[in-house]
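J.: return a 3D structure for these sequence lines:
(one chain, ligands or ions: 2)
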Amino acid sequence: MLQLERIVLREIRLPLKEPFRISSGVMDERRIALLELTDVDGVTTWSECVAGEHPNYSAETIDTAWHAIREWLAPRVLGASFENARDVFPALDRNIRDHNMAKAAIEMGCWAMIATKQGVPLSQLLGGTRDRIATGISIGIQQSPSSLARRAAAAYDRGYRKIKMKIQPGADVEYLRAVREALGPDVHLMADANSAYVPADTDHLLELDEFDLIMLEQPFQQDDLLRHAALQRRMRTPICLDESITDVARAEDMIALGSGRIINIKPGRVGGFAQSIAIHDLCARNGIAVWCGGMLESGVGRAYNVALASLPNFTLPGDLSPSARYWARDVVTPEWTMDDDGMVRIPLDKAGIGVTVDVDRVDELTVRREVLAGAGARA
Ligand code: OSB
Ligand code: MG
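T.: Numbering: from 1, shown residues only. Ligands and ions are numbered 1, 2, ... in the order given. Model (predicted):
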């Protein structure tokens, strides 16, 4: 039984160690919404909303999510009671379109609350079957092919099992060629376009086949499943969809149309864990590999991704870099780490999300804070 009494919403600003450039914009600091959920017994847990500052990845931003959580979503859970974490998403989704990242922040927090109260690790509540996850790095667009090749070589030496590089028109073929030549034929490379191409670029994209990438992520616009299918029919490299897969029906469409062969599951993008698990299960039944993407989360959001990635059909390395890749200091203890073999350990010895939020650090970083409480409850 789950009954939330209070949600404290905070915005923190966390400076990235170095700017992260994708085809649609650059980030040098993350504005992150953190939620502290408290239930009627006074048990607390933290969750994170992964929406960015600008609507360049999806329509949501931290500010739209803040509004959606305060005005529409928090009132659906505060004071309500749920038998099962799976019941939370339908309650949030009824007659509220989109706002998946806002929904996910609450929904995933509810799973963590239940895990905490049951005294089990979040991974176990989700049905996870592994204790370690192979990790890939996501490298932003660099100044030149040679600087990208240096970054990729350093990542390979550090132990990463998969090297993903952001691409865009003008920073693609020659960049990937430099990396493939520097690292040799056996290293798992992939590229992520974040929708930077249009169907007229098809012949150009077909040139990427020569680099034996393990996949090409999201070349076209989010809504363009048909044109992704046309590209996949001509391209040897498997297409992986990220932005396009916002719910289970979209994953079914991808499979039916042949728009791709792999899905990057980000729980924030699909409205939380219930949807993520449903997409994971659908893909398992259809021979579609999945892996867990990242949104430059703080250590709080990362805990959720790590737990999800312990499910059996997450067979490809996730974008689960250790805290030190992003931040001078994370907001959780212990920080997320990766061993020399590129593996992240799932904290199976702790209940709930498996890391402790450093509240003093969060306080220092907080730029706004709002307390949401159900009718009748004290703020
Ligand atoms: O497309 O996967 C993406 C970060 C921000 C927005 C979109 C994406 C990304 C990443 C980062 O690739 C992966 C990570 O968290 O390391
Ligand atoms: Mg992506």
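J.: report the contact partners of the residue of the stretch 51-200 of the chain found nearest ligand 1.
T.: Per CB to the nearest ligand atom, residue 138 is where the stretch 51-200 of the chain lies closest to ligand 1, at 3.6 Å. All C-beta atoms are positioned from the backbone trio N, CA, C, and that covers glycine. Residue 138 makes contact with 164, 165, 166, 192, 294, 319, 321 under the criterion CB atoms under 8 Å, 6 or more residues apart in numbering.
J.: what parts of the stretch 251-379 of the chain come near ligand 1?
T.: 293, 294, 295, 296, 319, 321 (CB under 6 Å from any ligand atom).
J.: hang on, isn't the last one packed against residue 342?
T.: The reference is to residue 321. No - Residue 321 is beyond contact range of residue 342, at 10.0 Å (criterion: CB atoms under 8 Å).
J.: what is in contact with those two at once?
T.: Shared contacts of residue 321 and residue 342, defined by CB under 8 Å, 6+ apart, are found at 135, 160.
J.: so what's residue 50 scoring on pLDDT?
T.: You'll see residue 50 listed with a pLDDT of 98.
J.: now do it against residue 33, distance only.
T.: Remark: distance between residue 50 and residue 33 (CB to CB, to the nearest Å) = 9 Å.
J.: looking at these two, which one has more neighbours?
T.: A direct count of neighbours by other CB atoms under 10 Å for residue 50 and residue 33 places residue 50 higher, at 30 against 23.
J.: phi, psi for that one please.
T.: As for residue 50, its main-chain torsions (degrees, to the nearest 10) stand at phi -90, psi 0.
J.: please renumber so the chain begins at 18
T.: Got it, the first residue is 18 from now on, which makes the last one we talked about residue 67.
J.: would you confirm that it contacts residue 315?
T.: No - Residue 67 is not in contact with residue 315 according to CB under 8 Å; the separation is 9.6 Å.
J.: for the residue nearest to residue 351 when sequence neighbours are not counted, give me the pLDDT.
T.: Spatially, and ignoring its direct neighbours in sequence, residue 351 is nearest to residue 372 (6.6 Å; CB to CB, 6 or more residues apart in numbering). pLDDT for residue 372: 98.
J.: ok, now which ones touch residue 372?
T.: Applying CB under 8 Å, 6+ apart to residue 372 gives the contacts 316, 317, 320, 349, 350, 351, 353, 364.
J.: next one: residue 226
T.: Residue 226 makes contacts with 252, 253, 254, as judged by CB under 8 Å, 6+ apart.
J.: show me what contacts the second one?
T.: What it means is residue 253. Taking CB under 8 Å, 6+ apart, we find residue 253 in contact with residue 226.
J.: tell me the secondary structure at it.
T.: coil (DSSP: H, G, I helix; E, B strand; the rest coil).
J.: helix, strand, or coil at residue 51?
T.: In three-state terms, and counting by three-state DSSP, residue 51 is strand.
J.: okay, now it: neighbour count?
T.: Residue 51: 23 surrounding residues under other CB under 10 Å.
J.: quick one: the helices in the stretch 118-267 of the chain?
T.: Using DSSP state H, counting those that start in this stretch, the helices of the stretch 118-267 of the chain run over 139-143, 162-175, 190-200, 219-223, 242-251, 265-274.
J.: buried residues, the fourth one. List them.
T.: So that's helix 219-223. Buried residues in helix 219-223, counted by 16 or more other CB atoms under 10 Å: 219, 222.
J.: residues contacting it, please?
T.: With CB under 8 Å, 6+ apart, helix 219-223 has contacts from 186, 189, 190, 214, 233, 236, 247, 248, 251, 252.
J.: same question for the second one.
T.: Contact partners of helix 162-175, identified using CB under 8 Å, 6+ apart, comprise 154, 156, 159, 180, 182, 191-192, 194-196, 198-200, 204, 206, 355, 357, 359.
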